[in-house]
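J.: What follows is a predicted protein model with its sequence.
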Amino acid sequence: MYKNLLDKIKEYKNITIFRHMRPDGDCVFSAFALKEFILTNFKDKKVKCVGKDIYDVFPINDIASNNFIKNSLAIIVDVSNEDRIDDKRFNDAKECIIIDHHPHLTLPNKVTTFYFDTDAAACCEFITRILFSKTFKDYTISDKCCEYLLSGIITDSNSFKTASTSANTLKYASLLIKKANLNISDINYFVFSKNKNIFIKNNKIKNKLIIKDRIAYVILNKKDINKIGITTSQAKNTVDDFSVIKDVDIWAVFAYNEESKLYDGSIRSRRGFVINELANKYNGGGHKTAVGVKRLSPKMIKNLLSDLEKIKKVSNQKT
């Protein structure tokens, strides 16, 4: 099933791995797990993980020249929407492959091969499935590669608490733990622990929570962002903190973006409340119960909250 992916890795001396803007842990760990796997098994390869933005837990980016990319195979992970790929030079590569777990709408024209598993809780889960497949059975999955993959699975599944977590998620996490003798407690600490300052800032965000008709949301304007001293991306990443509230079915964080002068947001929902089609209406997209939206005016946020209320009512009527 994955023979073409293996053949392409063998074919190219240069490989560039791309990812989405404002990457989360699953995105970054997917990229570096692939890099680690390729370099472990193919000593003659040169692999670069590129990206303009960094992820707080794992702030490493490679520098790839234009010439390197032009002579490389591009592998794009954790994103299929061309607008969200944060380095457009993937278009200059000789060939382009996508590995993703998001429902895709349209693929970039440059893409020649794509692999999707929309049932996977994380891109790292899907990559684990690929590397443990018969196609790759003769290759080594290093301990470091296993650690990256498990870290990504834990990140996107919020430590196996999201609605997208399945028996397969636990199965592939178990394979990684067993193979590399990983300590899941240590990895959870690595992925989710925060320093005191961030913890205090996150609590200030929680204090702005509004709950109405089982929909919880936080709206952080420019003044809020500056006063708390947090970035738009960091603010959005607190959305999972609200998943433990029993009294809500849908929760969201909207934060002012100085670059666009508008708001970006992250929205989550419980199983049965499908929100990804609505997110497409608001410059976003994602999974059935976990989406991002961007470039929203205050009026658009108001309309979005109203649309979320309609989704909740329709879902409740079905049940």
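T.: Nice, I can see it.

J.: what's the domain layout of the protein?
T.: Per automatic domain parsing, the domain ranges recorded for the chain read 3-191, 198-318.

J.: Need the contact partners of the helix or strand where Phe68 lies.
T.: Assigned by DSSP states H and E, Phe68 falls within helix 66-70. Contact partners of helix 66-70, identified using C-beta atoms under 8 Å, 6 or more residues apart in numbering, comprise Asn14, Thr16, Lys46, Lys48, Val50, Arg89, Phe90, Asp92, Ala93, Lys94. Placement of C-beta: from N, CA and C, glycine included.

J.: who touches Lys222 in this structure?
T.: The neighbours of Lys222, taking C-beta under 8 Å, 6+ apart as the test, are Tyr256, Glu258.

J.: cutoff 6 Å now
T.: Going by C-beta atoms under 6 Å, 6 or more residues apart in numbering, Lys222 touches Tyr256.

J.: Tyr217 too?
T.: Listed by C-beta under 6 Å, 6+ apart, the contact set of Tyr217 reads Ile210, Ala252.

J.: go again using 7 Å as the cut-off
T.: Under the criterion of C-beta atoms under 7 Å, 6 or more residues apart in numbering, the neighbours of Tyr217 are Ile210, Trp251, Ala252, Phe254, Leu305.

J.: What about the contacts of helix 66-70, which are in strands?
T.: Among those, the residues falling in strands (DSSP state E) are Asn14, Thr16, Lys46, Lys48.

J.: out of these, who has the most neighbours?
T.: Neighbour counts for these (other C-beta atoms under 10 Å) peak at Thr16, which has 27 neighbours.

J.: May I have the beta-bridge partners of that one?
T.: For Thr16, the beta-bridge partners under DSSP bridges are Lys48, Ala74.

J.: List the residues that contact Cys124.
T.: Residues near Cys124 by C-beta under 7 Å, 6+ apart: Asp26, Phe29, Ser30, Ala33, Leu149, Gly152, Ile153.

J.: Which SSE is immediately downstream of the helix or strand in which Tyr256 is found?
T.: Assigned by DSSP H and E, Tyr256 falls within strand 250-257. For strand 250-257, the following helix or strand on the C-terminal side (DSSP H and E) is strand 262-269.

J.: coming back round to it: which of the contacts of helix 66-70 lies closest to Phe116?
T.: Phe90 (17.2 Å; C-beta to C-beta).

J.: how close does that closest one get to Cys123?
T.: Distance from Phe90 to Cys123, counting by C-beta to C-beta, to the nearest Å: 16 Å.

J.: These two - which one has more neighbours?
T.: Neighbour totals were compared for Phe90 and Cys123, and Cys123 leads with 29 against 23 (other C-beta under 10 Å).

J.: Run the chain-centre distance for stretch 148-164.
T.: Counting by C-alpha atoms, centre = their mean, to the nearest Å, stretch 148-164 is centred 10 Å from the centre of its parent chain.

J.: ok, now stretch 229-247?
T.: Stretch 229-247 sits 15 Å away from the centroid of its parent chain (C-alpha atoms, centre = their mean).

J.: Residues contacting the lowest-mean-pLDDT helix or strand in the chain, please?
T.: The weakest-scoring helix or strand in the chain, judged by mean pLDDT, DSSP states H and E, is strand 285-286 (a mean of 82). With contact meaning C-beta under 7 Å, 6+ apart, strand 285-286 is reached by Asn81, His102, Leu105, Asn276, Ala279, Val291, Gly292.
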